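Visitor: Here is my input, please return the structure:
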Amino acid sequence: MKIYNFSAGPSILPQSTIENTAEAVKNFNGIGLSILEISHRSKEFQAVIDEAVSLFKELLEIPQGYSVLFLGGGASMQFCMVPYNLMEKKAAYLNTGTWASKALKEAKLFGEVVEVASSKESLFNYIPKDYTVPADADYFHITTNNTIYGTEIRKDIDSPVPLVADMSSDIFSRPVDVSKYGLIYGGAQKNLAPAGVAFVVVKEDLLGKVTRPIPTMLDYRTHIKEGSMFNTPPVLPIYSAMETLRWLKGLGGLAAMEKINIEKAALLYDAIDSSRLFVGTAKEEDRSIMNVCFVMKEEYKELEAEFLKFATERGMSGIKGHRSIGGFRASIYNAMPKSGVQALVDCMKEFERTH
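Guide: Reported below is the predicted structural model:
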């Protein structure tokens, strides 16, 4: 039976990434050593990180003046690194979910934080639109995709101050105008690589302006100067990231990827909207094309456990909703093939026919 991985993260990866990483674990580039044991200072690994950075810049069309970093600590470490490096007195945050809330909480340790808007009152089922960003804020922070609640900011917004974005779960799902952002960061384990590495794209001229002392490891300038090798980087996830970026380039880049993602999401949302059993949880205009969240209609709530068992037995892995909201969540990241989404749709329709 074919198993389809709808997990929210760590999540599905391209088959080529898995196969080539597995081969590199056994024998990296034919040198007789595993990628797990080679020196990060070796010319062989330097070539890997150089290609990963180059592909990152090529696929996102990153302008001059930005650096790409691969760091440990995940996106959660960035919740404090961002204000450590960028906040002198005040920062603005848009609160659209759990991860945005956690980022906001960390920022409060460094200065005044203005929550410009929040959708918490409706369980984060939409993206606030009418808000004002203080012109004297050091930066404005957004979370572009909210995995738990299935909402997404799919357009590059204009900000009067440097824009900072957590793109953990939708990086490389669409073209991005990087020039509109001061800093982009994310954990790799949702759309790029195995868990263990975070990516940062940072505009260099934003750095060095805060008056506080910054610990060496938490200073972006340290890692820019050392090419992400101030200390031993997460070697294996960086190798896998390189393989995924190669795969994306082979598909035709981010415009091609976005087209595929829109088609996949439309297939699943159409099935939900036409169903007599299921209903989507996110406002239609803010629906994520990465994480599709849905529940049973109120009169059929008692069937949720039965459907989860039904779907799991048919190879739909990881569709249980986040513990905080229940229901179902299908994470259809870049590597999920359209055939996987179709299999889930067929499963939903079969369950509906028999109930």
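Visitor: Confirm residue 341 sits in a helix?
Guide: Yes - counting by DSSP: H, G, I helix; E, B strand; the rest coil, residue 341 is located in a helix.
Visitor: Spatially nearest residue to it (excluding sequence neighbours)?
Guide: residue 264 (4.7 Å; C-beta to C-beta, 6 or more residues apart in numbering). (C-beta placed from N, C-alpha, C; glycine too.)
Visitor: Can you give me every residue that contacts the one you found?
Guide: Residue 264 makes contact with 289, 332, 336, 338, 341, according to C-beta atoms under 8 Å, 6 or more residues apart in numbering.
Visitor: in what helix or strand does the residue nearest to the third one when sequence neighbours are not counted lie?
Guide: Spelled out, that is residue 336. Spatial nearest neighbour of residue 336, chain neighbours left out: residue 12 (5.4 Å); criterion: C-beta to C-beta, 6+ apart. Using DSSP states H and E, residue 12 sits in no helix or strand.
Visitor: what's the burial count for residue 12?
Guide: The local packing of residue 12 (other C-beta atoms under 10 Å) involves 24 other residues.
Visitor: Quick check: the gap between it and residue 351.
Guide: According to C-beta to C-beta, to the nearest Å, residue 12 and residue 351 sit 23 Å apart.
Visitor: one step back: got the phi and psi for the residue nearest to residue 336?
Guide: Backbone torsions for residue 12, taken as degrees, to the nearest 10, come to phi -60, psi 140.
Visitor: Residue 5 is in contact with that one, correct?
Guide: Yes - with contact defined as C-beta atoms under 8 Å, residue 12 reaches residue 5; the gap is 4.2 Å.
Visitor: okay, and the common contacts of these two?
Guide: The contact lists of residue 12 and residue 5 share residue 336, where a contact means C-beta under 8 Å, 6+ apart.
Visitor: re the thing from before, could you measure the residue nearest to residue 336 against residue 162, distance?
Guide: For residue 12 relative to residue 162 (C-beta to C-beta), the value is 33 Å.
Visitor: how would you label the residue nearest the centre of the chain: helix, strand or coil?
Guide: Central residue of the chain (C-alpha atoms, centre = their mean): residue 169, 1.7 Å from the mean position. Three-state assignment for residue 169 (three-state DSSP): coil.
Visitor: And for the one 3 residues further on?
Guide: With three-state DSSP as the basis, the three-state label of residue 172 is coil.
Visitor: wait, isn't it in contact with residue 255?
Guide: No - contact criterion C-beta under 8 Å: residue 172 and residue 255 do not qualify, at 11.5 Å.
Visitor: of these two, who's got more company?
Guide: Taking neighbours as other C-beta under 10 Å, residue 172 and residue 255 compare with residue 172 leading, 24 against 10.
Visitor: Count the residues that sit near residue 8.
Guide: Residue 8 has 21 neighbouring residues, counting by other C-beta under 10 Å.
Visitor: host element of it?
Guide: Using DSSP H and E, residue 8 maps to neither a helix nor a strand.
Visitor: Give me the neighbour count for the residue nearest to residue 146 when sequence neighbours are not counted.
Guide: Spatially, and ignoring its direct neighbours in sequence, residue 146 is nearest to residue 97 (3.7 Å; C-beta to C-beta, 6+ apart). Using other C-beta under 10 Å, residue 97 has 23 neighbouring residues.
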